[in-house]
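[1] My questions are about this predicted structure, shown below with the sequence.
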Amino acid sequence: MYSRIARWAQANMPTREQMEQNRFARPLAARAELWRFTRRSVPRGVAVGLFIGIFAMIPGVQIVGAALMCVPFRGNIPIAALMTFVSIPPTTLFVFLPGAIWVGNQFGFHADISTVSQLMQSGAGVKEWLAWLGTDAAPSLLLGLGVIGLASALLGYAVSAVGWRWWTAHKRRTRLLQAAARDFPES
């Protein structure tokens, strides 16, 4: 599974050289520290990507927003862009939107979750969705997405920092065992 995801990401993610050819992305591509995989940049990239991926529910905005947010936080851009894919349509419609509205309602708002499912089932247009957002739903949704995004970012940062530490310790242990086996072969 991990190798399939890695192959897909490698085939579909733009390289730094490709971004240097784009006049809009050139400033990001010029900063090499945003493309290195280090113990500090990877967890930062995970946190930025998760937060932007959950909070900014517009697909094109997510990757661009994550790349731009990596600059002040010095996060890894490829990891941040990959983490925005956590909010694919099934998770957005069935997990994040109802969850965000529920979380927002815990702060005193009164958005109706059943209205969201009715709007989705009826194939509501932009006018109906904007009317719904004009109610208590918009603050509830934004606050809920912010809280869920921040919690996901903090959790993702912690998990990736621990995972990075485990991975480097595992690689070091393997190298030491291989060196010991090479230096002291059994007879």
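    All right, it came through fine.

[2] what distance separates the start and the end of stretch 29-42?
    17 Å (CA to CA, to the nearest Å).

[3] Could you pull out the buried residues of it?
    29, 34-35, 41-42 (16 or more other CB atoms under 10 Å). (Glycine included, C-beta is placed from N, CA and C.)

[4] tell me which helix or strand of this structure sits lowest on mean pLDDT?
    Between all helices and strands in the chain, the lowest mean by mean pLDDT, DSSP states H and E belongs to helix 26-30, at a mean of 70.

[5] for the protein, which spans come out with low pLDDT?
    Applying pLDDT under 70 to the chain flags the ranges 1-2, 13-14, 16, 30, 187.

[6] For it, which segments count as helices?
    2-12, 16-20, 26-30, 41-55, 59-73, 77-83, 89-91, 97-105, 113-122, 126-132, 138-183 (DSSP state H).

[7] The fourth one - contacts with which helices or strands?
    Yep, that's helix 41-55 we're talking about. Under the contact criterion of 3 or more CB pairs under 8 Å, 6 or more residues apart in numbering; DSSP states H and E, helix 41-55 touches helix 59-73, helix 77-83, helix 138-183.

[8] thinking T92 is in contact with M57, fair?
    Yes. Using CB atoms under 8 Å, T92 is in contact with M57, at 6.2 Å.

[9] Which among the helices and strands packed on helix 41-55 is found nearest to R4?
    Among those, the nearest to R4 by CB to CB is helix 77-83 (13.4 Å).

[10] Mind listing residues that contact that closest one?
    Helix 77-83 is contacted from outside by 9, 13, 28, 34-35, 37, 41-42, 45-46, 48-50, 52-53, 63, 66-67, 69-70, 156, using CB atoms under 8 Å, 6 or more residues apart in numbering.

[11] Span of stretch 79-92 from start to end?
    Where stretch 79-92 begins and where it ends lie 20 Å apart, using CA to CA.

[12] buried set for that stretch?
    Buried residues in stretch 79-92, counting neighbours by 16+ other CB under 10 Å, are found at 79-84, 86-87, 92.

[13] And for stretch 161-169?
    In stretch 161-169, counting by 16+ other CB under 10 Å, buried: 161, 164.

[14] Can you show me the CA trace of that stretch as CSV?
    Output in CSV follows, covering the C-alpha atoms of stretch 161-169 (Å, rounded to 0.1, in the frame of the first residue of the first chain):
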residue,chain,number,x,y,z
ALA,A,161,7.6,13.6,14.2
VAL,A,162,7.5,10.3,16.2
GLY,A,163,7.4,8.4,12.9
TRP,A,164,10.4,10.3,11.5
ARG,A,165,12.3,9.6,14.7
TRP,A,166,11.4,5.9,14.6
TRP,A,167,12.3,5.6,10.9
THR,A,168,15.7,7.2,11.3
ALA,A,169,16.5,5.1,14.4
